[in-house]
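Chemist: What follows is a protein structure lacking sequence information:
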């Protein structure tokens, strides 16, 4: 019974971590290999832009990807 209760508590704590945050604008500072999802009208309906940070001297990688609606939440970027 304790193992079941412990598993339930751990899964409840881990569930919010599965959601991806979708920003309204691309962040100015992005650590190397850090991923940010940005709402971008050029990607089309149901898709968001996936921006991956790069090391100094290289361009950021950008691609349009789909996210399930239950996996994404919309927030505004903090400047």
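Modeler: Sure, I can see it. Keep in mind it's a predicted model, so treat the numbers as computed, not measured. Numbering: from 1, shown residues only.
Chemist: need the helices for this structure, in chain order.
Modeler: Taking DSSP state H as the criterion, the chain contains helices spanning 2-14.
Chemist: Low-confidence ranges, it, go.
Modeler: Residues of the chain that meet the criterion pLDDT under 70 lie in 4-19, 68-79.
Chemist: Let me see the ranges of the strands in it.
Modeler: 20-23, 35-38, 47-52, 61-66, 72-75 (DSSP state E).
Chemist: Turn those strands into a markdown table, columns for mean neighbour count and distance to residue 3.
Modeler: C-beta coordinates here come from the backbone N, C-alpha and C atoms, glycine included. Formatted as a markdown table, those follow (neighbours: other Cβ atoms under 10 Å; distance: least, Cβ to Cβ, whole Å):
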| stretch | mean neighbour count | distance to residue 3 |
| --- | --- | --- |
| strand 20-23 | 16 | 30 |
| strand 35-38 | 17 | 34 |
| strand 47-52 | 18 | 38 |
| strand 61-66 | 12 | 37 |
| strand 72-75 | 12 | 31 |
